[in-house]
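*Asks:* Predicted structure and sequence below. I'll ask about it afterward.
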Amino acid sequence: MTQPPRSRAERISDTQALLESEVDIWVATADPDSAKPSLVPLSYLWDGETLLLSTPGSSPTGRGMRSGHGARLGLGSTRNVVLIDAKVETIALNDLPDNEADAFAVRTGFDPLQSDPGYFWFRARPHRILAWREENELADRSIMRNGSWLESE
């Protein structure tokens, strides 16, 4: 049964809660040379403004994020979709402040500092977020533009 559409304020609140409660997110990138797409799940730390991710810099996803073309991140189920278009900053493994690296390890159960030295940190800064549950929310699915949450309807 189709649920009634949520207001923009409800979709923003639901999206923020999902970003705070989940640990893994789908990350889509494209290889900068071949344009071959890559889609992988990565653990993340949400600080209220950005998502902190880590993966080897030589992996297809790492190469895609290092290219400067950004990434698309997907969260939720097919009946509770959150798509995030983000600009991505690459940070050398040892250049992230210790408190952020520690928070990431505690939150995700994975410490890139204890892994292969080819890992990098990636800070994904959302500039556009779309959120919808059903067809009745598609027309008004934008909840963030140009890095700012949209006002309520």
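*Replies:* Sure thing, it's come through. Please read all numbers here as calculations on a predicted model, not as lab measurements.
*Asks:* What is the neighbour count of Ser34?
*Replies:* Neighbour count of Ser34, defined by other CB atoms under 10 Å: 9. (C-beta placed from N, C-alpha, C; glycine too.)
*Asks:* Quick check: phi and psi at it.
*Replies:* Recorded main-chain torsions at Ser34 are phi -100, psi -10, according to degrees, to the nearest 10.
*Asks:* Tell me the confidence at it?
*Replies:* pLDDT for Ser34: 86.
*Asks:* Ser115 too?
*Replies:* Predicted confidence (pLDDT) for Ser115: 87.
*Asks:* swap in Ser54?
*Replies:* At Ser54, pLDDT is 98.
*Asks:* what does Met1 give?
*Replies:* pLDDT for Met1: 69.
*Asks:* How about Asn94?
*Replies:* Value for Asn94, per-residue pLDDT: 93.
*Asks:* Against which helices or strands is the worst-scoring helix or strand of the chain on mean pLDDT packed?
*Replies:* When each helix and strand of the chain is scored by mean pLDDT, DSSP states H and E, helix 60-66 comes last, with a mean of 94. If you count contacts as 3 or more CB pairs under 8 Å, 6 or more residues apart in numbering; DSSP states H and E, helix 60-66 packs onto strand 24-30, strand 37-43, strand 51-56, strand 81-92, strand 119-132.
*Asks:* Same question for the fourth one: list its buried residues.
*Replies:* Think strand 81-92. By 16 or more other CB atoms under 10 Å, the buried positions in strand 81-92 come out as Val81, Val82, Leu83, Ile84, Asp85, Ala86, Val88, Ile91.
*Asks:* Nearest spatial neighbour of the last one, chain-adjacent residues omitted?
*Replies:* Nearest non-adjacent residue to Ile91, counting by CB to CB, 6 or more residues apart in numbering: Trp121, 4.0 Å away.
*Asks:* So for this structure, the centremost residue is which one?
*Replies:* Nearest to the geometric centre of the chain sits Leu73, at 4.4 Å (CA atoms, centre = their mean).
*Asks:* Would you format the helices and strands packed on helix 60-66 as CSV with distance to Val106 included?
*Replies:* Formatted as CSV, these follow (distance: least, CB to CB, whole Å):
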stretch, distance to Val106
strand 24-30, 15
strand 37-43, 11
strand 51-56, 12
strand 81-92, 18
strand 119-132, 15
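*Asks:* Those: which one's closest to Gly109?
*Replies:* Taking CB to CB, strand 37-43 is the member of the helices and strands packed on helix 60-66 nearest to Gly109, at 7.6 Å.
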